[in-house]
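J.: Model the structure of this input:
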Amino acid sequence: MSRPLVRVVFALLAVATIAAFFVTQQLKGEFPLITRFAAMPTHFSPNGDGVRDETEVGFNLTERAQVTFSVVDSEGNEVRRLVDERELPGDIRYRYRWDGRDDDGNEVPDGIYRLRLVRRDESRVINSFKELDIDREPPEVELVSAEPSIIAPRAPGQRPRVRIRYEGPANRAPEFRVFRTDDGAEPYVVRRFRGIPEEGRQQTREGVWDGQVSVGEQRSEPAPDGDYAFTVSVRDRAGNLAVAPAEVPSRGSARPDTGVSARTFTLGGPLDVVAPGETATLTVGPIDRSFDFVLSRWGEPSALRQGERLGGSFRVTVPENARPGLHLVRARAGDDRAIWPLTVGDPEPARDTPLLVLPALTWQGLNRVDDDGDGFADTLVEDRSVRLDRPFRGGGLPPRFDSEVAPLLDWLEREGIDYNATTDISLARGRPPILAGVPGVAFAGSELWLPAELMARLRDHVADNGRIAAFGADSFKRTVVLEDGLEARSPSPPRRENAFGERTTLTRTSPAPLNVFEDGLGLFRGLSGFVGDFSVFEVSRGLTRSARPLTTAGRDPGEPALVGYGLGGGLVIRLGTPQWAAELREEALSIEVPQVTKRIWRVLRDGP
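T.: Coordinates of the predicted model:
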């Protein structure tokens, strides 16, 4: 390139640069058309729940202009035109409501949107940097803990504070609800409260329950003994609501350690057999309190042991001369009472003494106490495991004890009948007294769950000339696993046949007596053909092929409930109704039931 031409090009570039500088300076001196874009809130959830369903958007216009104002998506496509080619005065704030719908009234998808202002006469397009986030997805919220899991709000001097924590968006005042879960109905709300941020913080992820329940609109009182579950209601910054673990908590939705049990005074102890002279360790709870205790035998008012203690665990030694049978440990602290059944058995009984087996596994399997702190009572009917060392609900005697076991124990005492005693848990663990050498075994109540190994031993015992009488009903059909002596887990559904190969079904009818069909065992000899008055029958639908029917009685012909049959070299007598023991009460009108029971006991002791 020649030198003159270079000079010309350089001069042109210099002129262009100077011209651009002056244009730029002129533009800088112009006042902007808008001073700001506005959006509040920038996160919203147009889902129709009344919270952050729309946002207020707009701009501050500095001078009169003809403008179009729109919402555009992340690709720059217009989705909603809020101002369409209007002449607007300047120096004014303009605000519009956007409900998250497009120009046709359809909901726009969740995502990021921006604002755009267009001035047609100058072909100017101004896009906002401000983002609008439409989010209709509820946040993920999870209750993670409630501590402590056991409180005593009705005990003297107690002012419990249960701290409930959750994971999810922090809120200024998350709402917590307390549900009572164990009152025989669906869970229902007994208290509402708000979380309060700690000093210096604006938001929180926790709340504190004071152990109170609402009574009327303005009053509250300490929570009654029972089980309680919590929910928390939380909103994210877009206003989406989430309730955890569910709108109404359930056994399936609640996590362990997120509920609370209220217990005023409890007593727990061993469900294994205790021999005379041995020491049993019991525990008073749920808080340390001064209490006194008494040990006595069922049916005998005199105290075998008594004393005073201060909270926690304590030891009771059974006298060496104590008679086998059920004993009771009663504890008292002020006006509060609790009781525990302690089974005392002779490890080397006389060979002519039948063995009475108390259904401790059924007691705990039906004991409605929360083991895992999820706010719901655990039973083997509804859950996969229960602890065997937990206190009985309300500090009372076990489930079904009053209806199935107590009348039989009272009758044995009134008749002066000797027996040795154990529990099904002790039998399963092989603790003495064992089955070997026992003339007969009476199961005092319904044996709803037993380990499979124990069922096999019972079959072998009968085959080897053993005699078994089963009070209660629906027994020997479900297995359970004993874990480390502290837990029963993995309950099976009821099997078609019980441990002895008999098929049975439970039926409920109008009250009726048992009609005697055949009596090879002589249980009904000299009595009328009608025995007792029952409304629940366990009807036999067939014996195992090798069984030999001996005695049968039932409500209707062809449907025996009470059955006695030979099996191998031994004998099984099944009473056929869970209401049999109730007919042994002194105030009952039945004459035949006590006589039949005495004959059954004689068969257990001496054979048919």
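J.: Now stretch 118-128: buried residues?
T.: Across stretch 118-128, burial judged by 16 or more other Cβ atoms under 10 Å covers 118, 119, 126, 128. Bear in mind the C-beta positions are built from the backbone N, C-alpha and C, glycine included.
J.: Stretch 148-160 now?
T.: Quick answer for stretch 148-160 (16+ other Cβ under 10 Å): 149, 150, 151, 152, 153, 154, 155, 160.
J.: For that stretch, what does the pLDDT average out to?
T.: Stretch 148-160 shows an average pLDDT of 96 in the prediction.
J.: Residues in contact with that stretch: which ones?
T.: Applying Cβ atoms under 8 Å, 6 or more residues apart in numbering, the set of residues contacting stretch 148-160 from outside is 162, 209-212, 222-225, 257, 259-265, 285-287, 289, 334, 336, 370, 373.
J.: Is it correct that residue 590 falls within a strand?
T.: No - counting by DSSP: H, G, I helix; E, B strand; the rest coil, residue 590 is located in no strand; its state is coil.
J.: So it sits against residue 528, correct?
T.: No - assessed by Cβ atoms under 8 Å, residue 590 is found out of contact with residue 528, at 11.2 Å.
J.: Tell me which of those two has more neighbours.
T.: Neighbours were counted for residue 590 and for residue 528 using other Cβ atoms under 10 Å; residue 590 has more, 18 against 10.
J.: Name the nearest residue to the more buried one, sequence neighbours excluded.
T.: residue 583 (4.2 Å; Cβ to Cβ, 6 or more residues apart in numbering).
J.: ok, residue 330 - contacts?
T.: 293, 294, 296, 337, 338, 339.
J.: what's the spacing between the fourth one and residue 263?
T.: Residue 337 sits 13 Å away from residue 263, going by Cβ to Cβ, to the nearest Å.
J.: Quickly list what's touching both of the two.
T.: Here residue 337 and residue 263 share the contacting residues residue 395, scored by Cβ under 8 Å, 6+ apart.
J.: Of those two, which one has the most company?
T.: Legend: neighbour count by other Cβ under 10 Å for residue 337 and residue 263, higher for residue 263 (25 against 16).
J.: any idea of the pLDDT on the residue nearest to that one when sequence neighbours are not counted?
T.: Excluding the flanking residues, the one nearest residue 263 by Cβ to Cβ, 6+ apart is residue 286, at 4.9 Å. Residue 286 is assigned 95 on the pLDDT scale.
J.: give the contact list for residue 286.
T.: The contact partners of residue 286, taken as Cβ under 8 Å, 6+ apart, are 150, 151, 152, 263, 266.
J.: Let's see that with 10 Å instead.
T.: Shown in contact with residue 286 (Cβ atoms under 10 Å, 6 or more residues apart in numbering): 148-152, 155, 158, 261-266, 311, 391.
J.: In terms of distance to residue 602, which of the contacts of residue 330 ranks first?
T.: Taking Cβ to Cβ as the measure, residue 602 lies nearest residue 296 of these, at 28.9 Å.
J.: Surely that closest one is in contact with residue 323?
T.: No - judged on Cβ atoms under 10 Å, residue 296 makes no contact with residue 323 at a distance of 11.6 Å.
J.: shared neighbours, these two?
T.: residue 304.
J.: now, which of the contacts of residue 330 lie within helices?
T.: Using DSSP state H, the subset of these located in helices is empty.
J.: Report pLDDT for residue 27.
T.: Here, the pLDDT recorded for residue 27 equals 35.
J.: for the stretch 101-250 of the chain, what spans make up the strands?
T.: 111-119, 124-127, 132-134, 142-147, 150-151, 162-167, 175-180, 188-194, 206-209, 212-215, 219-222, 226-235, 241-244 (DSSP state E, counting those that start in this stretch).
J.: so which of those strands comes closest to residue 545?
T.: Of all the strands of the stretch 101-250 of the chain, it is strand 226-235 that lies closest to residue 545, at 47.2 Å by Cβ to Cβ.
J.: returning to that earlier point: hmm, which two among the buried residues of stretch 148-160 are most spread apart?
T.: 149 and 154 (16.9 Å).
J.: can you map out the strands along the stretch 351-500 of the chain?
T.: According to DSSP E, counting those that start in this stretch, the strands that the stretch 351-500 of the chain contains are 355-358, 385-387, 420-423, 441-443, 467-470, 481-483, 487-489.
J.: Return the residues in contact with residue 514.
T.: Taking Cβ under 10 Å, 6+ apart as the contact definition, residue 514 lies against 524, 529-534, 537, 552-555, 560-562, 575-577, 580, 592-593, 596.
J.: Which among these count as buried?
T.: 524, 531-534, 537, 552-555, 560-562, 575-577, 580, 592-593, 596.
J.: Go through the residues you listed and flag which are in helices.
T.: If you go by DSSP H, these have 592, 593, 596 in helices.
J.: Surely the second one and residue 531 touch.
T.: Yes - if you go by Cβ under 10 Å, residue 593 and residue 531 touch, sitting 6.4 Å apart.
J.: shared neighbours, the two?
T.: Shared contacts of residue 593 and residue 531, counting by Cβ under 10 Å, 6+ apart, come down to 513, 514, 580, 583.
J.: Which residue is the nearest non-sequential neighbour of the first one?
T.: In this case it means residue 513. Nearest to residue 513 is residue 530, by Cβ to Cβ, 6+ apart, at 4.0 Å.
J.: who's the one you found bridged to?
T.: According to DSSP bridges, the partner residues bridging residue 530 are residue 515.
J.: contacting residues around it?
T.: 512, 513, 514, 515, 516, 524, 553, 592.
J.: Please report how far it lies from residue 583.
T.: Counting by Cβ to Cβ, the gap from residue 530 to residue 583 is 13 Å.
J.: okay, and the common contacts of the two?
T.: residue 592.
J.: ok, now how distant is the residue nearest the centre of the chain from residue 149?
T.: In the chain, the centroid-proximal residue (Cα atoms, centre = their mean) is residue 376; its distance is 2.4 Å. The gap separating residue 376 from residue 149 is 12 Å, by Cβ to Cβ.
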